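*Asks:* I need the structure of the sequence given here:
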Amino acid sequence: MLKQQLLFHSPNLETILMVEKVIRSNSGEYGKYQIWKMLPRKVMYQTFQTVIDYLQESNKIIVDRDGKIVWVWDPEGVRKLLSKGLVVR
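*Replies:* Reported below is the predicted structural model:
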């Protein structure tokens, strides 16, 4: 039964991208609940929480000590560093 519940609340790619966009444009300003309310279309809170968990696990966001969500993913910045000869081990 638990497996079915997890699948029921699995977000699709469109939902993940929508949440990412809202977080990027409001980085460091709002907490989870406020971000959830700002989404352009309704998403179940459990599904939204799954997206937040995924974004934290993939190191795209962090939650600061005040509970505000901060976008930290910067692939362009990483590319610039790697092009300058930085070696990742």
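
*Asks:* how distant is the helix or strand containing K80 from the center of its chain?
*Replies:* Applying DSSP states H and E as the criterion places K80 in helix 75-83. In terms of Cα atoms, centre = their mean, to the nearest Å, the centre of helix 75-83 is set 20 Å apart from its chain centre.

*Asks:* now stretch 41-58
*Replies:* 7 Å.

*Asks:* residue contacts, I16?
*Replies:* By Cβ atoms under 8 Å, 6 or more residues apart in numbering, I16 lies in contact with 51, 54-55. Using the backbone N, CA and C atoms, a C-beta is placed for each residue, glycine as well.

*Asks:* wait, doesn't I62 sit right on V70?
*Replies:* Yes - the criterion here is Cβ atoms under 8 Å, and I62 meets it with V70 at 5.2 Å.

*Asks:* Give the next helix or strand downstream of the lowest-mean-pLDDT helix or strand in the chain.
*Replies:* Every helix and strand in the chain was compared by mean pLDDT, DSSP states H and E; the lowest is helix 2-8, with a mean of 53. For helix 2-8, the succeeding helix or strand toward the C-terminus, using DSSP H and E, is helix 13-25.

*Asks:* For that following helix, which residues meet the burial criterion?
*Replies:* 15-16, 18-20, 22-23 (16 or more other Cβ atoms under 10 Å).
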